[in-house]
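Undergrad: Just the structure for this:
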Amino acid sequence: MTRGFIAVRPPDAVLDAVAARTSNYELDGARRTTREQWHLTLQFLGDDVDLAAVGEALAELETPPGMVQLSGAGPIDYRKRSLVLVLFARVGKEWLAGLADEVARRLAPLGYERDQRQFLAHLTLARCRVRTLMTTAAAAIGPEPVGDAWLVDHVTLFESRLLPTGAEHVVRAEIPLGP
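TA: Residues are numbered from 1 along each chain as shown. Next up, the predicted model:
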């Protein structure tokens, strides 16, 4: 069984900024994601992925490179209590949505169905088992941009291995974007 997903991974300087901004927040009962897990998912592929076929289907992406910048933290579903704390995309939201649309169109013939929820570009910081009030954690991180904007010129095909200590993400391919 091979789990996989397509994502944008921020560069090291942005990951450093995320680490610095998120080092001191508290969120009871949360399982924090690690630096190695930080990314913006374009499409989750499920538990039975043909990595080679996915790589081939995405080999000639037409979406040109685009700029992305992260903003402050909040709950992913905008409810008072949530299961997931994230950083949102501040710059490049529409561009990322368009890129996710192209990825979905190219993978649909292989049987990979896109999540039916509206695409929301985000980087997951923590997950909770029960709905939790996230306002204090989000306020501690702040609403200001996190790191500089960066040019995204490729997407990454990840294999995701579930371990007792959390998911391990292994890069299987880096696929360049269009001209």
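
Undergrad: For the residue nearest the centre of the chain, name its beta-bridge partners.
TA: In the chain, the C-alpha nearest the mean C-alpha coordinate belongs to residue 40, at 1.9 Å (CA atoms, centre = their mean). Applying DSSP bridges to residue 40 gives these bridge partners: residue 8, residue 123.

Undergrad: residue contacts, it?
TA: The neighbours of residue 40, taking CB atoms under 8 Å, 6 or more residues apart in numbering as the test, are 7, 8, 9, 10, 68, 89, 96, 121, 122, 123. All C-beta spots, glycine's among them, are computed from the backbone N, C-alpha and C.

Undergrad: just curious, which of the residues you listed is nearest to residue 132?
TA: Minimum distance to residue 132 across these is 16.8 Å, recorded for residue 122 (CB to CB).

Undergrad: How many residues are close by the closest residue to the closest one other than its chain neighbours?
TA: Distances taken as CB to CB, 6 or more residues apart in numbering put residue 86 closest to residue 122, at 3.9 Å, once the chain neighbours are dropped. Neighbourhood size, residue 86 [other CB atoms under 10 Å]: 25.

Undergrad: Against residue 51, how distant is residue 86?
TA: Distance from residue 86 to residue 51, counting by CB to CB, to the nearest Å: 26 Å.

Undergrad: Over to residue 36?
TA: For residue 36, the distance to residue 51 - CB to CB - is 19 Å.

Undergrad: quick one: which of those two has more around it?
TA: Taking other CB under 10 Å, residue 36 and residue 51 do not tie; residue 51 has more neighbours (16 against 13).

Undergrad: Contact partners for that one?
TA: So residue 51 contacts 2, 4, 157, 159, 172, 173 (CB under 8 Å, 6+ apart).

Undergrad: following the host helix or strand of the fourth one, which helix or strand shows up next?
TA: Right, residue 159. Assigned by DSSP states H and E, residue 159 belongs to strand 154-163. Note on strand 154-163: by DSSP H and E, the next helix or strand toward the C-terminus is strand 166-176.
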